[in-house]
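> starting from these lines, generate the structure:
(chains A and B)
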Amino acid sequence: MALRVYDTRSRSKREFISIVSGKVSLYACGITPYSPSHLGHARQAIAFDVITRWLRHSGYDVNYVTNFTDIDDKIINVANAEGVDFSIVAERNIADYYEVMDAMNVLRADDYPRVTGTIPEIIEMIEQLVEKGHAYVEDDGVYFEIDTAPEKYGQLTGQTLDMVRAGAGGRVDGTGSGKRDHRDFALWKLAKSGEPSWESPWGQGRPGWHIECSAMSLKHLGETFDIHGGGSDLLFPHHEAEIFQSECCLGIEPVVKYWIHNGMINVDGEKMSKSLGNFWTIRDTFEHVSPLELRYSLLNAPYRQPVEFNMAMLEESQKHYQRMIAIYGKALVATGSGDWNGFSTLEAAAENFIAGMNDDFNTRTAMVEVQSIVRELQSLFADNNDDNFIAAGVGWLTEFAGEILGLLPDEETTRSMVAEDNTARTELEMIVEPLLVERSLARDSKNWARADEIRNELSALGVKVKDGPDGPVWELK
RNA sequence: GCACGGGUGGCAGAGUAGUUAUGCAGUGGACUGCAAAUCCAUGUACCUGGGUGCAAAUCCCGGCCUGUGCUCCA
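Just a heads-up that it's a prediction; the model follows:
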């Protein structure tokens, strides 16, 4: 079945056909590292991680590039407040980004270009825009002139020039900006004293916000590429500005074949943002759930939908995740991992999973199939039969929940996790077993108070007792 | 105000024309001294007003509600 993706520019799902057969070039707008990464960053990174994994699983050779905007006003402000160089702030937060993303099983992109490593290419692009008459130089910087390509306005948001023109129009007053029109945007900003800056034909300064992505995508992916992604809050003005810059500079339309935008994380119905004080960093969230539990919760909705984030949804995901990893680990150790082909239940689940992913990367549909296999395995495992099917189910989970959705540690890691649990179990056995014997005697004589007391003692040791038909079994919490 | 999304059961959240979503919670049952886990069964739904169709949660038009964006910066 063919892959269909929702393209923001055409506002419809379109069949995905890459520019070069068998290859996909993908650029996703990354972060501005001025503070530790928050859940919005996690959602974006995980969304494009899964998109990349799916494209690769579908047989494409993917070149995935995502950037760090490592110089901007917010970084400068933080650096000034701390009395350090801006690069210290950027490096610290980039390190944080890698660490939390690695923990959540986000595979590394093929390249992580930085603005500060792309200055010559940015300057060259601006020079071309000036030469072609799309940009003008003022005494505080270089600006892109919207009126030189009015037909490109509103390509992603549907807004027209007149709509925005109605707001102000003409030269902007009182902003200290040299813009000739309030819809123009900065390509190069000349440095004020004390600001970090780079040499350019127009003087010491730094790039405007939008130009870096045009320059980096051109440098790493070429004049046209398949997919450009990012958060939906970047649609305007950032991505529309990129269309102006790239297409006017290169004289190509379109430069980007498919635009893909992920939805926001909401708290109490509103976008998570620092100004509203409803902000969760990724590390804050790790205080409550494990990195892969968080990943699970963020894949539980399709990437374009807003995610309503709260403790209840987090705890629900945690419960589902723990059930999945528990049966996966137990079954893996018990039966090993096998080929799922030839088992009709597993083939049907695979078919639905694939259909879901091919329908604009619908991870929600995919997760429903994962859940159904988890239930299937629990049921069979409880009956303790059909090892071949259980092994095949484990293989299915390894491929779909593990390799594609990135929700499971690899089989080797899972085995060693189970082994560690067993080791801890063995160490506790000498304490637990005698207590369980005593409790069984208490239960036999219907001394429920003593039986419950012992169960509470064991609970305090981190041991959970379950009374089954064949006597008590216990596990580590 | 304008642009672009979304409005589904107690909650989360799929589903673009006719067929059970799924999960959590609830209820009944198995197992159980109780609990937990697991299993089986089960009720509750498609914002509103029109329209098209044999048939609409699903397509079209209006309304209402809600999210994001609307350029100092991000």
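> grab the nearest non-local neighbour of residue A:123.
residue A:200 (5.2 Å; C-beta to C-beta, 6 or more residues apart in numbering). For glycine as for every other residue, the C-beta is placed from the backbone atoms N, C-alpha and C.
> kindly apply the preceding question to residue A:9 instead.
Closest residue in space to residue A:9, ignoring its immediate chain neighbours: residue A:259 at 4.9 Å, by C-beta to C-beta, 6+ apart.
> worst-scoring helix or strand of chain A, pLDDT-wise?
Across the helices and strands of chain A, mean pLDDT, DSSP states H and E gives its lowest value to helix A:161-165, namely a mean of 63.
> and the next helix or strand after that helix, which strands flank it?
Using DSSP states H and E, the helix or strand that follows helix A:161-165 in sequence is strand A:185-190. Strand pairing for strand A:185-190, determined by DSSP bridges: strand A:141-144 (antiparallel), strand A:205-207 (antiparallel).
> about what we covered before: where's the residue nearest to residue A:123 relative to residue A:258, distance?
Applying C-beta to C-beta, to the nearest Å, the value for residue A:200 to residue A:258 is 33 Å.
> then residue A:105?
Noted for residue A:105: a distance of 25 Å to residue A:258, by C-beta to C-beta.
> ok, the two, which is more surrounded?
residue A:258 (22 against 19; other C-beta atoms under 10 Å).
> residues of stretch A:314-325 that come out buried?
Within stretch A:314-325, the residues that count as buried by 16 or more other C-beta atoms under 10 Å are A:314, A:317-318, A:320-321, A:324-325.
> quick check: next helix or strand after the host helix or strand of the residue nearest to residue A:9?
Here residue A:259, judged by DSSP H and E, is contained in strand A:256-262. Next helix or strand after strand A:256-262 toward the C-terminus (DSSP H and E): strand A:265-267.
> pairing partners for that following strand, with directions?
When pairing is defined by DSSP bridges, strand A:265-267 lines up against strand A:270-271 (antiparallel), strand A:307-308 (parallel).
> just name the most buried of those strands.
strand A:307-308 (a mean of 18; mean count of other C-beta atoms under 10 Å).
> what about that strand and RNA strand B, touching?
Yes - judged by C-beta under 7 Å from any atom of the strand, strand A:307-308 and RNA strand B are in contact via A:307-308.
> quick one: contacts of that strand?
For strand A:307-308, the external contacting residues (C-beta atoms under 8 Å, 6 or more residues apart in numbering) are A:43, A:263-267, A:269, A:297-298, A:301, A:313.
> and if you look at stretch A:264-279?
If you take C-beta under 8 Å, 6+ apart as the criterion, stretch A:264-279 is touched by A:35, A:38-40, A:43, A:231-233, A:280, A:306-310.
> just flag the most distant two among those residues.
In the contacts of stretch A:264-279, two members sit farther apart than any others by C-beta to C-beta. They are A:35 and A:308, at 23.1 Å.
> tell me the mean pLDDT for stretch A:374-392?
Stretch A:374-392 carries an average pLDDT of 81.
> identify each buried residue in that stretch, please.
A:374, A:376-378, A:380-381, A:389-392.
> residues near the residue in the stretch 301-450 of chain A that RNA strand B sits nearest to, how many?
The nearest approach of the stretch 301-450 of chain A to RNA strand B comes at residue A:448, 3.4 Å away (C-beta to the nearest atom of the strand). Taking other C-beta under 10 Å as the criterion, the count of residues near residue A:448 is 10.
> do residue A:426 as well
By other C-beta under 10 Å, 9 other residues sit near residue A:426.
> can you tell me the SS state at it?
At residue A:426 the chain is in helix, as set by DSSP: H, G, I helix; E, B strand; the rest coil.
> roughly how far apart are it and residue A:465?
From residue A:426 to residue A:465 the distance is 17 Å (C-beta to C-beta).
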